[in-house]
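# Fold the following.
(chains A and B)
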Amino acid sequence: MYDVIIIGAGVCGAAIARELSRYQVKICVLEKDEDVCCGTSKANSAIVHAGYDAVTGSLKAKLNVRGNEKMGELAKELDFPFERNGSLVLCLSEEEMPGLQALYDRGIANGVKELRILNREEVLQMEPNVTDQVYAALYAPTAGIVCPFGLNIALAENAYANGVEFQFNTEVTEIHKSEEGYELQTGKGVFHARYVVNAAGVYADKFHNMVSDKKIHITARRGDYCLLDKEAGSHVRKTIFALPGKLGKGILVTPTVHGNLLIGPTAVNVEDKEGINTTAEGLSQVLEKAGMSVKNIPTRQVITSFAGLRAHEDGNDFIIGEVEDAKGFIDCAGIESPGIASCPAIGEMAAGLLKEKMGLKEKDNFISTRQGIKNPSLLSMEERNALIKENPAYGNIICRCEMVTEGEIIDAIRRPLGARSLDGVKRRTRAGMGRCQSGFCSPRTMEILARECNMNMFDITKSGGDSKLVVGTNKDTV
Amino acid sequence: MINYDIVIVGGGPAGLAAAVCAKQNGIDSILILERDKELGGILNQCIHNGFGLHTFKEELTGPEYADRFIRQVKDLGIEYKLNTMVMEVSQDKIVTAMNREEGMFGIQAKSVILAMGCRERPRGALNIPGYRPAGIYSAGTAQRLVNMEGYMPGREVVILGSGDIGLIMARRMTLEGAKVKVVAELMPYSGGLKRNIVQCLDDYGIPLKLSHTVVDIKGKERVEGITLAQVDENNRPIPGTEEFYTCDTLLLSVGLIPENEISRGMGVEINPVTSGPKVNESLETNMEGVFACGNVLHVHDLVDFVSEEAAAAGRNAAAYVKAAAGSGNPADSDTVSTDAAGEQSTDNSGAVEVIKDTIEAHEIRLIPTAGVRYTVPSTIRPDHMDENLTVRFRVGSVYKNCYVSAYFDDERVIHRKRQVVAPGEMEELKLTKEQILQYPKLKTITFKVEEE
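Okay, the predicted model is just below:
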């Protein structure tokens, strides 16, 4: 029997788990995939929005602004990459100015600080590669970029360090009301909890609707993205948005915290909640529309493309709170953009809510900080040599594109909630995320995984489940 | 700081041949830095035969070919470090490298030879839509898994791209028990050698579909199938031509990209067509004393030509080091340098003076046009030229019964008949110093494909 079960180990589930782990409470996170950060959290724009987009007074607006404020400190506490690079919303003509002004006004009303409207010259001086058509722009210096994997993994590891249990490959299939709370049927048996937090991303409606008669409906909205080589990474320094409306939902162009250039997303509603396949139309739309905001994007430098699903709820706002007709069942649903930016505040809000309801007391041994995987490239040569002397694996480069050492990969595997697949290693260390897209390092990472986890090579997967990488030995069927 | 006359980045076929030739030209202080656990580079996974027909007049496997050079390196006592990654090279030729035993360390080189080879173009570069399941490999990665580690990446295979590695892997996967269903090629011609199409596809009844590409990848966890479609003359898929193939593996052989991150980092100028350094007749980059050879310079089809090119780079690097020793700091010497930045003196100032008097130490630009996509080298300084110079290039399309020609300024001087030239087969023309000296005011040599 747990006090709280959280369904989903994405950024929201992990943020709630981490905030809740401040208190004397027994928590378990159930995740259907093999790792944290496997759904919406892994494939998005990774933007910490400033907070001017959402309707004033909405949860989206409040939590976005609050989450943005908290992100800097959180990044320091939990050691994940975050940078306040600022954003620009472009306005391409005088006729569009009222739209830009409205966005500015809304930002002010939402409590966004330091907002400014820049004229054409100021914009072009700040970002010379912005389209020549630019007329003005809304500049938000507080907007930022984050490593979504780093954020999610850091939150989960810290929650784990504070006693939160995680169960992977554990898909919840049924939820029943029980005397003490809820009974959750999973592929790995039945779990009991007094309280349930539903942080299931695109599946949050499914779980909500299992316990409530007041149905919600979530649409999986697919977005295709293209990621460009680091050589293109400084094409723009700020996150560049088109003014919402005229260009549809808007394709952004942004540097990433790791120095790549990211463009996307499209917005297509899909039936399949696992439908993360890119499409030819989607990818060409990304390239075409990005070109309307930013000129001379070196599209030949695309190294990968991917798609993610946003969990869009019909009411067009986050749903966070106890379900009216299901006591003890807390929704955290409809978390689409600005979900990444909001997650620190979502964690705070949901944990605060449970604290009240359950009358929780703070622990006196809460660990507020977490050390990420050591990044030797940030060390001086002397420090690096000391590290290699202590552990020679840090002198052995495995991923040559991102210069990731064996030491980092071993750390990623051995640490709590460690990686068990190629993608798990990739999201933690960036091995395989570079320009060759794991061509050189995947066989070597597979070997390290097999050795460290004492696994057979045939059981090593790309991302859990049946995503096996090798199927046999030479001539075994001949 | 450790000092070496010549530091060679990469111990594959290019690095090995460059080292051997530099040693044979009188340089003893040479260090090869290799990131893998053995010398030989990608040849170690190329266990098929057909290597060395030009160099050794016999058919060797990749490892055997590499071994010929590795033995020379060892016999000549050339130093090398394995499992050692070069992190960067500075403008003043300090090579920063790292390995498990020594940690991170700097080496001051007088000359650097870039021989890092190339990498395969990944799926993302083609923007192939669909899912991203397990079972999508670049052909070279699959080759390593099968040939070096003995693991089968899959049972039913579709290959996109008819580059040589893809063709070789079609045969290898077949021999190891997989079913290769089809090879699709976007272009209307193959990107690989004719002999590989015959020996790797035709001999095994594997169909090659030209002007076809992958338009969808099915399978959320592991590849379950792919959809091919025919493309129009703009390489756009033609609706209605889709064909679905069930398979568990998609191999990609869609191009090789020279790995010039280190070169760019030190300020080497890159030719956007080859993605390799721009070099002069000595295979020297815009940075003096920094030479490039092999696939890091431009992607080759045959290792024999890599060895030949790399030997020239090694010889020229040796000459550079000797000249620098003879004249103090070469950068301060102004015996030959005229207006061209980065010009170097040679060791024989007397002979150079004569040339200078007659034709002046000038630079001839090589211009690829009319079907020729690029040339290596890009420039020739006649006073630095050997008696013979091989100019290598690729064409942009398939031409039959044509000529490859070289125009010295406006005069057609070389005109060679070719039955067929194709993008998948590197071409060459040989120039002689004698020939060039007959044109003392020569400014450009233009390379063309001519159909007549």
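# Could you give the number of residues near residue A:149?
Other residues near residue A:149 come to 25 when the count uses other Cβ atoms under 10 Å in any protein chain shown. All C-beta atoms are positioned from the backbone trio N, CA, C, and that covers glycine.
# The one 3 residues further on now?
Counted with other Cβ under 10 Å, the neighbours of residue A:152 add up to 28.
# Mind checking what secondary structure the spatially closest residue to it that is not a sequence neighbour has?
Closest residue in space to residue A:152, ignoring its immediate chain neighbours: residue A:37 at 3.8 Å, by Cβ to Cβ, 6 or more residues apart in numbering or on different chains. Classification of residue A:37 using DSSP: H, G, I helix; E, B strand; the rest coil returns coil.
# Contacts only, for residue A:37.
Residues near residue A:37 by Cβ atoms under 8 Å, 6 or more residues apart in numbering or on different chains: A:9, A:10, A:11, A:14, A:148, A:149, A:152, A:153, A:156, A:427.
# mind putting these in JSON lines, pLDDT and secondary structure included?
Formatted as JSON lines, these follow (pLDDT from 0 to 100; DSSP: H, G, I helix; E, B strand; the rest coil):
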{"residue": "A:9", "pLDDT": "98", "secondary structure": "coil"}
{"residue": "A:10", "pLDDT": "98", "secondary structure": "coil"}
{"residue": "A:11", "pLDDT": "98", "secondary structure": "helix"}
{"residue": "A:14", "pLDDT": "98", "secondary structure": "helix"}
{"residue": "A:148", "pLDDT": "97", "secondary structure": "helix"}
{"residue": "A:149", "pLDDT": "97", "secondary structure": "helix"}
{"residue": "A:152", "pLDDT": "98", "secondary structure": "helix"}
{"residue": "A:153", "pLDDT": "98", "secondary structure": "helix"}
{"residue": "A:156", "pLDDT": "98", "secondary structure": "helix"}
{"residue": "A:427", "pLDDT": "97", "secondary structure": "helix"}
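# what about the strands in the stretch 151-300 of chain A?
Along the stretch 151-300 of chain A, the segments classed as strands by DSSP state E, counting those that start in this stretch run A:165-167, A:172-177, A:182-186, A:189-198, A:218-228, A:239-242, A:252-255, A:261-264, A:268-270.
# right, and those - which one's nearest chain B?
strand A:218-228 (7.0 Å; Cβ to the nearest Cβ).
# Quick check: mean pLDDT of that closest one?
On average, the pLDDT along strand A:218-228 is 96.
# returning to that earlier point: look up how far chain B lies from the residue nearest to residue A:152.
Computed as Cβ to the nearest Cβ, to the nearest Å, the residue A:37 to chain B distance reads 15 Å.
# what are the phi and psi values for that residue?
Torsion angles at residue A:37 (phi, psi; degrees, to the nearest 10) stand at phi 60, psi 50.
# Please name the nearest non-neighbouring residue to whatever residue of the stretch 101-250 of chain B ends up closest to chain A.
Here the stretch 101-250 of chain B gets closest to chain A at one residue, residue B:124, 3.1 Å apart by Cβ to the nearest Cβ. Among residues not flanking residue B:124 along the chain, residue A:304 sits closest, at 3.1 Å (Cβ to Cβ, 6+ apart).
# Can you show me the helices along the stretch 351-478 of chain A?
Applying DSSP state H, counting those that start in this stretch to the stretch 351-478 of chain A gives helices spanning A:381-390, A:406-414, A:422-429, A:442-452.
# closest one to residue A:230 among those helices?
Smallest distance to residue A:230 across the helices of the stretch 351-478 of chain A (Cβ to Cβ): 15.8 Å, for helix A:422-429.
# Send over stretch B:140-153 as PDB, restricted to the C-alpha atoms.
This file holds the C-alpha atoms of stretch B:140-153, laid out as PDB (Å, rounded to 0.1, in the frame of the first residue of the first chain):
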ATOM      1  CA  GLY B 140      28.900   0.500 -42.300                       C
ATOM      2  CA  THR B 141      27.500   0.000 -38.800                       C
ATOM      3  CA  ALA B 142      25.900  -3.200 -39.900                       C
ATOM      4  CA  GLN B 143      29.200  -4.300 -41.500                       C
ATOM      5  CA  ARG B 144      31.000  -3.800 -38.200                       C
ATOM      6  CA  LEU B 145      28.400  -5.800 -36.300                       C
ATOM      7  CA  VAL B 146      28.500  -8.700 -38.800                       C
ATOM      8  CA  ASN B 147      32.100  -8.800 -39.900                       C
ATOM      9  CA  MET B 148      33.900  -7.800 -36.600                       C
ATOM     10  CA  GLU B 149      31.500  -9.000 -34.000                       C
ATOM     11  CA  GLY B 150      29.500 -11.800 -35.600                       C
ATOM     12  CA  TYR B 151      26.000 -10.400 -34.900                       C
ATOM     13  CA  MET B 152      23.200 -10.300 -37.400                       C
ATOM     14  CA  PRO B 153      21.300  -7.000 -37.300                       C
END
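# domain ranges for chain A?
A:85-144+A:219-311, A:376-477 (automatic domain parsing).
# Closest residue of the stretch 301-450 of chain B to chain A?
Counting by Cβ to the nearest Cβ, the stretch 301-450 of chain B gets nearest to chain A through residue B:373 (15.4 Å).
# burial measure for that residue, as a count.
By the criterion of other Cβ under 10 Å, residue B:373 has 16 neighbours.
# what's the answer for the one 3 residues further on, then?
Neighbourhood size, residue B:376 [other Cβ under 10 Å]: 26.
# what's near enough to touch it?
Counted by Cβ under 8 Å, 6+ apart, residue B:376 has contacts B:274, B:276, B:279, B:283, B:297, B:298, B:309, B:391, B:392, B:393.
# In contact with the residue of the stretch 101-250 of chain B closest to chain A, which residues are there?
Contact partners of residue B:124, counting by Cβ under 8 Å, 6+ apart, are A:226, A:227, A:302, A:303, A:304, A:305, A:437.
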